[in-house]
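**Q** quick one, fold the following:
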Amino acid sequence: MAERALRGTRLGATSYENDRNTDLAPRQEVTYDCTRGHRFSVTFATEAEIPAEWECRFCGDRALRRDGSGEEPKNTKPVRTHWDMLLERRSMEDLEEVLAERLALLRARRREEAAKVEEIAKQRQSA
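**A** Residues are numbered from 1 along each chain as shown. All right, here's what the predicted structure looks like:
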């Protein structure tokens, strides 16, 4: 008998349970306003920590809570870049000196390579 009841149905795709005698978790709706003027609501559980900003459903831009409450942005240290760390170790005069040395080496290497190329070209012309 059970086989007949399930014949022709999509197993797992359809639930035969109903919502009678079930209690849903308490919920709250929070309204967000987008920077482009869109307004939408998101449903959260009452115990959930509600974010101060949310991605807009319409344009994907940043949307802020309408009531304006929420966490204040945390004060974070600015990101230290490679250049900042380099300036902690060396002065600008030292850096200019190192740059001049490296440029001199690079130019000397290029002159040597150019001389070799000219020499090879002369050898090919004379052959």
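**Q** now residue 57: which helix or strand?
**A** Residue 57 belongs to no helix or strand when assigned by DSSP states H and E.
**Q** give the contact list for the residue lying closest to residue 27 once chain neighbours are set aside.
**A** Once flanking residues are discounted, residue 27 sits nearest to residue 43: 5.3 Å by C-beta to C-beta, 6 or more residues apart in numbering. No exception for glycine: its C-beta is placed from N, CA and C like everyone else's. Shown in contact with residue 43 (C-beta atoms under 8 Å, 6 or more residues apart in numbering): 27-30.
**Q** which SS class is residue 43?
**A** strand (DSSP: H, G, I helix; E, B strand; the rest coil).
**Q** okay, it and residue 93: tell me how far apart.
**A** 62 Å (C-beta to C-beta, to the nearest Å).
**Q** also residue 126?
**A** For residue 126, the distance to residue 93 - C-beta to C-beta - is 50 Å.
**Q** got it, and residue 75?
**A** Applying C-beta to C-beta to residue 75 and residue 93 gives a distance of 34 Å.
**Q** what bridges to the residue nearest to residue 27?
**A** Note on residue 43: beta-bridge partners residue 29, judged by DSSP bridges.
**Q** residues contacting residue 46?
**A** 25-28.
**Q** hmm, 7 Å instead?
**A** By C-beta atoms under 7 Å, 6 or more residues apart in numbering, residue 46 lies in contact with 26-28.
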